[in-house]
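Chemist: Starting from these lines, generate the structure:
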Amino acid sequence: MSARAGGFVLAGILCLTGCGHARVGLSPDTLTRLEATPGGYLTGPVEGFGTKPAVLNRKDFIWALDFAPRGGRVAYTRLGNKAYHVSVWSLDAGAAKPDGADARAPVMLADPEVNAQQYDLEGVSFSPDGALVATVSRSGAVQLFDAATGAQKGALATEEPLVSVAFHPDGRWLAVGSAQGLVTLLSVPGLAFGAESRLHVGPVSALAFAPDGTLYSGGWDGHVRASDTPEQSLRPDVARTHFERRGGFAAVQGSLNGGPPVVLALDSRLPGVVLTTAAATASGIDVAFLKDTVTVPGALGNTVARLARAQTLRFKALVLRGVDVAVCDACVPQGSQGVLGTAFSDRVDTVFDETTAEAVLTLKGGVPEGTPEVVARGLTPKADFPFPAHVNDVTVDARGQRLGVAFSEEKAERNRKVYERERKGLEDPQGPWNAGALVDAGSGKVLRKWEVHHGVVSSAAISPDGRSLASGGWDKTVQLFTEAEPLPRGTLEFGWSVRRVRFAPDGRQVGVAAWTPQKVTGNQESDPAAMVVGVHYASPAVEARATVAAPPAVEATPAQ
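Modeler: Below is the predicted model:
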């Protein structure tokens, strides 16, 4: 049997797979134990979806979704009429009914604008305490928002388009993954550089931390990699930064006084460091009030430029203090925002790695004496699990023992071929690696794989107990599986592609992010695009999540 529920088909069929157990909601005793257990979650075979989902959005393209580990909140990124937003909702408006539906509707807490429409907002993550929401964008920006008010709490512009994000269990560090395979650890809330490693070739499609701090990353290159994130002393004398050849110069990105990134050409013919007026202003220099001047030689003769003394240049962990910066638009080559002359090359050695298009910057003479030691999270790869398919999503269970992985035989790229196929109503094929799977986190062994979806499986959410999986795909469905059964225990059908599926931390609900056919008339509402639906278990028990000891209050802070 199936029932229409708000524009999508909800099929939570009791005996779809010949089951012998009755499908039940939570008993009052189980509900009481769950609410009384800090970090508690349900365990046992899932039996299907609830019948009263809470629909949060019916009109936007929803890209990513995440539950708060604590605090009863959910966040999703949406493409609005003029910009991308991150929407934060409270799910604690009322006590839960036995079937998993809330007694009162969820309440939107915040909906701040994040960035312009041309930059997809593909990643969102809650901090462990539920107080912050992090987003990453293909603009290269990382942003932190207050989960209750939507106020911005931090922002950083990085060098590469970003597509994935996850908080470390200690809440003091954040991992971000780029479209070019780079994984970077940043401090919270300062967003100072901690460590980085190019773990994948192509997009880092997913990042997920186990309770012990192990970071699992998935990529379109067909790999899931496990990395340790130990606390260690940060080396502030070396930095690897992206470089390009522009107008006959090698150009790198850095920042001045903690400002936005600036593109700086390397040219030892100039004696100092030069910025354009716009770049200097964006970096906090009040150009009009500068009193000192300096003569800067150029191709057309000498130019008298205003001089800002004792500025601070940063290239990730490498910091140069006491740098005098000249402000001169005519002295900067086209395509750059500044020039690094002999004042830079006298202090820094530069070696170019053409294979990775990175410049390795090393401070001559090492770190100056008296520089305080900075403790940061490191990033040390320790295991590589290759698969004969593209990896689109990775999640970790509450014990850190199993992974939920989404695979596809074709890349999850929405190209002309895909749109033509959809326009003609052609169904994508099933296949052995168009699948969601349970994978052993220690060995990478596939424990159970379900090949039900047609085409790309975009998301795979493992249940907290590691026994069940909710998978979503471009075939417009979400499927609910449990490890002992070959067929789904429940199915949700949507109006268009499913982008993200996540289990709530206690296992009682599943959240779904999807695209919906957009309407330009009336109230513009269409099929559900963001929703939360209850999950039924057979004879559920309650387990306590392992606690993570908080480390000393030490983080890498931005140098001034």
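
Chemist: CA atoms for contacts and neighbours, from now on please.
Modeler: Noted.

Chemist: which stretches of the stretch 301-450 of the chain form helices?
Modeler: In the stretch 301-450 of the chain, the helices defined using DSSP state H, counting those that start in this stretch lie at 342-345, 416-423.

Chemist: which strands and helices sit next to the longest one?
Modeler: Other elements packing on helix 416-423 under the criterion 3 or more CA pairs under 8 Å, 6 or more residues apart in numbering; DSSP states H and E are absent; no helix or strand qualifies.

Chemist: what's next to that helix, contact-wise?
Modeler: Under the criterion CA atoms under 8 Å, 6 or more residues apart in numbering, residues residue 427 lie in contact with helix 416-423.

Chemist: Now with 10 Å, please.
Modeler: 412, 425, 426, 427, 428, 475, 496 (CA atoms under 10 Å, 6 or more residues apart in numbering).

Chemist: which two in these are spaced the farthest apart?
Modeler: Greatest spatial distance among the contacts of helix 416-423 (CA to CA): 412 and 425, at 18.4 Å.

Chemist: residues of stretch 439-448 that come out buried?
Modeler: 439, 440, 441, 444, 446, 448 (16 or more other CA atoms under 10 Å).

Chemist: can you list those residues in TSV and add distance to residue 339?
Modeler: Converted to TSV, the buried residues of stretch 439-448 look like this (distance: CA to CA, whole Å):
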residue	distance to residue 339
439	50
440	50
441	47
444	47
446	52
448	56
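
Chemist: and of those, the nearest to residue 228?
Modeler: Once CA to CA is applied, the member of these that ends up nearest residue 228 is residue 441, at 13.2 Å.

Chemist: and the closest one, how far is that from residue 447?
Modeler: Per CA to CA, to the nearest Å, residue 441 is found 10 Å from residue 447.

Chemist: Also residue 160?
Modeler: The value you get for residue 160 to residue 447, if CA to CA is used, is 35 Å.

Chemist: again, but for residue 46
Modeler: Going from residue 46 to residue 447 by CA to CA gives 17 Å.

Chemist: what about stretch 238-250, average pLDDT?
Modeler: What stretch 238-250 shows for mean pLDDT is 87.

Chemist: Show me which residues of that stretch are buried.
Modeler: 238, 239, 240, 241, 242, 243, 244, 249.

Chemist: Ok, stretch 387-404 next?
Modeler: Neighbour counts over stretch 387-404 (16+ other CA under 10 Å) mark 387, 389-398, 400-404 as buried.

Chemist: ok, back up a step: farthest pair within the buried residues of stretch 439-448?
Modeler: Largest pairwise distance in these, by CA to CA, is 13.0 Å, between 441 and 448.

Chemist: quick one, helices of the protein?
Modeler: Here the chain has its helices, by DSSP state H, at 28-36, 277-282, 342-345, 416-423.

Chemist: Adding distance to residue 185 and mean neighbour count as columns, could you present those in JSON lines?
Modeler: Shown next, in JSON lines, are the helices of the chain (distance: least, CA to CA, whole Å; neighbours: other CA atoms under 10 Å):
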{"stretch": "helix 28-36", "distance to residue 185": "33", "mean neighbour count": "14"}
{"stretch": "helix 277-282", "distance to residue 185": "25", "mean neighbour count": "19"}
{"stretch": "helix 342-345", "distance to residue 185": "26", "mean neighbour count": "18"}
{"stretch": "helix 416-423", "distance to residue 185": "34", "mean neighbour count": "11"}
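
Chemist: ok so, going back, mind putting the contacts of helix 416-423 into CSV with pLDDT, distance to residue 253 and neighbour count?
Modeler: Formatted as CSV, the contacts of helix 416-423 follow (pLDDT from 0 to 100; distance: CA to CA, whole Å; neighbours: other CA atoms under 10 Å):
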residue, pLDDT, distance to residue 253, neighbour count
412, 91, 30, 20
425, 82, 46, 9
426, 83, 46, 10
427, 84, 45, 11
428, 88, 43, 16
475, 96, 41, 22
496, 94, 39, 20
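
Chemist: Specify which member of those residues is nearest to residue 86.
Modeler: Closest approach between the contacts of helix 416-423 and residue 86, by CA to CA: residue 496, at 20.5 Å.

Chemist: which residues does the closest one contact?
Modeler: The contact partners of residue 496, by CA under 10 Å, 6+ apart, come to 61, 422, 473-477, 514-517, 527-529.

Chemist: between these, which has the most around it?
Modeler: Counting neighbours by other CA atoms under 10 Å, the top entry in these is residue 514, with 32 neighbours.

Chemist: Tell me who's in contact with that one.
Modeler: The neighbours of residue 514, taking CA under 10 Å, 6+ apart as the test, are 57-58, 60-65, 78, 472-474, 476-477, 494-501, 527-531.

Chemist: Just the local confidence number for it, please.
Modeler: Looking at residue 514, its pLDDT reads 98.

Chemist: what pairs with it across the strands?
Modeler: Beta-bridge partners for residue 514, by DSSP bridges, are residue 498.

Chemist: same thing with residue 536?
Modeler: residue 48.

Chemist: about what we covered before: any idea which of the contacts of helix 416-423 is closest to residue 354?
Modeler: residue 412 (28.7 Å).
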